[in-house]
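Participant: model this:
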Amino acid sequence: MATTNQMYYTQEGYDELVNELNYLKNTRRAEVVHDIEVARGFGDLSENAEYDEARTEQARVEARIKELEEKVRNAIIIDEKTIDTNVISVGSTVKVFDRDIEEEEEYIIVGSNEVAPSAHRISDLSPIGRALMGKHAGEVAVIDSPGGSFEMEIISVVRTKNEKA
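Facilitator: Numbers count the residues shown, from 1 in each chain. Next up is the predicted model:
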């Protein structure tokens, strides 16, 4: 089980974290240092808006680098090839029937840092994700939401296909 700082990622989500971290450390950091040097040339630093902006951007970039390093260090990568397709887990694509609105929906269960609602990528920690985790096709999940409880019948569970593969 994950400790407080550990987060689950698909390989794709982990790779996105690493790519962003590498970009910030190897490209963006140097760009910001250059912006600071250029801004210093504009004169008095106490009244230099360009310098203040560049320093603020540097702080933002360094904070994001620190955040990403922490996430990469504590990442638990889900091996999608070993996912039991009979049980809903991170890396599963789940088709459900929402009994409340009488519609079918399909969700991809991902770690909380990979959420993309427009692509139906929901977190394992969201109300729907939490209710679906560990269930099988044919079972009914009761989702507790701020608007009240509703039920989803699980139609199918499959391993999410990685489009990059």
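
Participant: ok, longest strand in this structure?
Facilitator: Identified as the longest strand of the chain according to DSSP state E is strand 148-159.

Participant: mean confidence for it?
Facilitator: The average pLDDT for strand 148-159 rounds to 92.

Participant: so what strands line up beside it?
Facilitator: strand 92-98 (antiparallel), strand 140-145 (antiparallel) (DSSP bridges).

Participant: just these: most buried one?
Facilitator: Greatest average neighbour count among these goes to strand 92-98 (a mean of 20), per mean count of other Cβ atoms under 10 Å. Using the backbone N, CA and C atoms, a C-beta is placed for each residue, glycine as well.

Participant: Beyond that one, next helix or strand please.
Facilitator: strand 103-110 (DSSP states H and E).

Participant: Pull out the buried residues from that following strand.
Facilitator: 107-110 (16 or more other Cβ atoms under 10 Å).

Participant: again, but for stretch 49-68
Facilitator: Neighbour count says stretch 49-68 has 50-51, 54-55, 58, 61, 65, 68 buried, by 16+ other Cβ under 10 Å.

Participant: As JSON lines, the buried residues of strand 103-110 with distance to Glu20 and pLDDT would be great.
Facilitator: Output for those, formatted as JSON lines (distance: Cβ to Cβ, whole Å; pLDDT from 0 to 100):
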{"residue": "Tyr107", "distance to Glu20": "25", "pLDDT": "94"}
{"residue": "Ile108", "distance to Glu20": "20", "pLDDT": "92"}
{"residue": "Ile109", "distance to Glu20": "22", "pLDDT": "91"}
{"residue": "Val110", "distance to Glu20": "16", "pLDDT": "88"}
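
Participant: Pick out whichever of the residues you listed sits closest to Ile77.
Facilitator: Val110 (12.2 Å; Cβ to Cβ).

Participant: bridging residues for that closest one?
Facilitator: Ser123.

Participant: residues in contact with the longest helix seen in the chain?
Facilitator: Assignment by DSSP state H gives helix 49-73 as the longest helix of the chain. Identification of contacts with helix 49-73 by Cβ atoms under 8 Å, 6 or more residues apart in numbering yields 5, 7, 14, 17-18, 20-21, 24-25, 28-29, 32-33, 35-36, 38-40, 42, 45, 113.

Participant: What's the mean pLDDT across it?
Facilitator: On average, helix 49-73 scores 94.

Participant: now swap in stretch 78-87 and tell me
Facilitator: pLDDT averaged over stretch 78-87 gives 74.
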